[in-house]
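> here are the coordinates; sequence isn't available:
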């Protein structure tokens, strides 16, 4: 605000120690005591209005990014829950035998070389 007022050559608000918050709540009549030119009063009010708009736009953009992120997370949760609602579940079964000589497990395979057996259950 001080830079804006310095550009308009209005230094009395700084001398009287009137800050931004005070100017925002002052009426036109109260401002005319400190700023004699009505055009400067209008320009000052417009300056605060623009600053307010910038803050609102910044808040809106933050909320918009949050909405997008929350929607993305909820979409992922819906995919997981869709899989849980399937009427049939598929279970993989395999047999492993412990070999005492090698001290590790080996999978048992069928004659055709197949691995785990997939079984669907309701």
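Received, thanks. Fair warning: this is a prediction, and the values are worked out from it, not measured in the lab.
> got a pLDDT number for residue 98?
pLDDT for residue 98: 90.
> before we move on, what about residue 3?
69.
> likewise residue 80?
The predicted local confidence for residue 80 is 62.
> Please enumerate the helices of the chain.
Secondary structure of the chain (DSSP state H): helices located at 2-7, 12-15, 20-25, 28-34, 38-84.
> Which neighbouring elements make contact with the last one?
Counting contacts by 3 or more CB pairs under 8 Å, 6 or more residues apart in numbering; DSSP states H and E, helix 38-84 is packed against helix 2-7, helix 20-25, helix 28-34. C-beta here means a position set from N, CA and C on the backbone, and glycine is covered the same way.
> Show residues contacting the last one.
Where contact means CB atoms under 8 Å, 6 or more residues apart in numbering, the residues beyond helix 28-34 that reach it are 10, 12, 13, 16, 18, 23, 38, 41, 44.
> Kindly report the same for the second one.
With CB under 8 Å, 6+ apart as the contact definition, helix 20-25 has outside contacts at 1, 13, 31, 44, 48.
> Buried residues of that helix, list them for me.
residue 23 (16 or more other CB atoms under 10 Å).
> From the chain's centroid, how far away is it?
The chain centroid and the centroid of helix 20-25 are separated by 31 Å under CA atoms, centre = their mean, to the nearest Å.
> Let me know the average pLDDT across that helix.
76.
> Ok, the last one next?
Mean pLDDT, taken over the full extent of helix 28-34, equals 81.
> Show me what counts as buried in it.
31, 34.
> sorry, back to before: just so I know, which of the helices of the chain lies nearest residue 109?
Closest of the helices of the chain to residue 109 is helix 38-84, at 29.0 Å (criterion: CB to CB).
> any idea how far that closest one is from the chain center?
9 Å.
> which residue is nearest the middle of the chain?
Nearest residue to the geometric centre of the chain (CA atoms, centre = their mean): residue 66, 2.6 Å.
> Quick check on the contacts of helix 28-34: which are buried?
10, 13, 18, 23, 41, 44.
> what would the residues you listed look like in a markdown table with distance to residue 89?
Formatted as a markdown table, the buried ones among the contacts of helix 28-34 follow (distance: CB to CB, whole Å):
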| residue | distance to residue 89 |
| --- | --- |
| 10 | 76 |
| 13 | 73 |
| 18 | 72 |
| 23 | 68 |
| 41 | 73 |
| 44 | 69 |
